[in-house]
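Visitor: fold the following for me, if possible:
(one chain, ligands or ions: 1)
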Amino acid sequence: MRKNVIAGNWKMNKVLSEAEQFVEETKTRIPSEEKAESIVCAPFPFLPVLVEKAKGSDLKVAAQNMHYEDNGAFTGEVSPVMLKDLGVTHVVLGHSERREYFAETDETVNKKAHAAFNHNLTPIICVGETLEQRENNETMNHVEAQVKQALSGLTEEQVKASIIAYEPIWAIGTGKTATSEQANEVCTHIRNVVKQFSSEEAGEAIRLQYGGSVKPANVDELLSQSDIDGALVGGASLEADSFVQLAEAGAK
Ligand SMILES: O=C(CO)COP(=O)(O)O
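Guide: Below is the predicted model of the structure:
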């Protein structure tokens, strides 16, 4: 049985005091780690404080991006070495907003996935199609190419440990959720792609999240689907009560 993983992606929101308050309010209310994984993906400046605050609880702290090099002349960037040193456990890679606004490519996502594993960080790799691609029936091919390139060169064990978030771009922040059938159809395809690309076992083990206007009212239906093992949540993860409800849904 794959354990659900519920991750709140705060994007560029909150100030430190609000972030601290969120962790204070949620860390004792989320389900135990044996039942579901609960993660907050916070802006870089909050990470050390949040890791410290979440210590001893089941809440994990993730970064929303990182560079693939360990160190060097990359002004403004943050390395996997720095994240690991802080006690961060997961890192979101290739979010569609980074692909669109910050020139993230499948190639850099792949380099970052390798860098994450080199430093014992679990990557949450985002893939998904635009509305135009969906309307042109290109969803499956597009997502398949993104998945194959992101996972290229990883070992079977690394593929098994990866998390892929399927986030149709047209459903992000729009209030338009993919139907649970639409979401599952793509996740099933991703799982089959991983089975062919890596191994049957890796395809069974890898966890696939859905993201795009997930909220407490639709999360149960999405998580009940055969190939959806969690959610990557933007807007509805910003409030403590809503995040706790989502995390609880992951443990059902
Ligand atoms: O991009 C997302 C999570 O990474 C989804 O955002 P929303 O849940 O706000 O649609």
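
Visitor: for this structure, which residues are neighbours of the ligand?
Guide: Taking CB under 6 Å from any ligand atom, the part of the chain that reaches the ligand is made up of 9, 95, 167, 172-173, 211-214, 232-236. C-betas here are computed from N, CA, C, even on glycine.

Visitor: which among those residues end up buried?
Guide: The neighbour count (16 or more other CB atoms under 10 Å) marks 9, 95, 167, 172, 211-214, 232-236 as buried among the residues of the chain next to the ligand.

Visitor: now the two most distant members of the residues you listed.
Guide: Greatest spatial distance among these (CB to CB): His95 and Ala236, at 16.4 Å.

Visitor: where exactly do the strands run in this protein?
Guide: Using DSSP state E, the strands of the chain run over 5-9, 37-42, 59-63, 90-93, 122-127, 163-166, 207-211, 230-233.

Visitor: tell me the contacts of the residue in the stretch 101-250 of the chain positioned nearest to the ligand?
Guide: Taking CB to the nearest ligand atom, the ligand has its nearest neighbour within the stretch 101-250 of the chain at Gly234, 2.4 Å off. By CB atoms under 8 Å, 6 or more residues apart in numbering, the contact list for Gly234 reads 8-11, 172-173, 211.

Visitor: return the distance of it relative to Gly76.
Guide: For Gly234, the distance to Gly76 equals 23 Å [CB to CB, to the nearest Å].

Visitor: then Leu47?
Guide: Distance from Leu47 to Gly76, counting by CB to CB: 16 Å.

Visitor: and the two? Which one has more around it.
Guide: Between Leu47 and Gly76, counted using other CB atoms under 10 Å, Leu47 has the larger neighbour count: 23 against 5.

Visitor: mind checking the end-to-end distance for stretch 224-233?
Guide: 17 Å (CA to CA, to the nearest Å).

Visitor: ok now that stretch, how far from the chain's centre?
Guide: Relative to its chain's centre, stretch 224-233 lies at 11 Å (CA atoms, centre = their mean, to the nearest Å).

Visitor: stretch 226-235 too?
Guide: In terms of CA atoms, centre = their mean, the centre of stretch 226-235 is found 8 Å from the chain centre.
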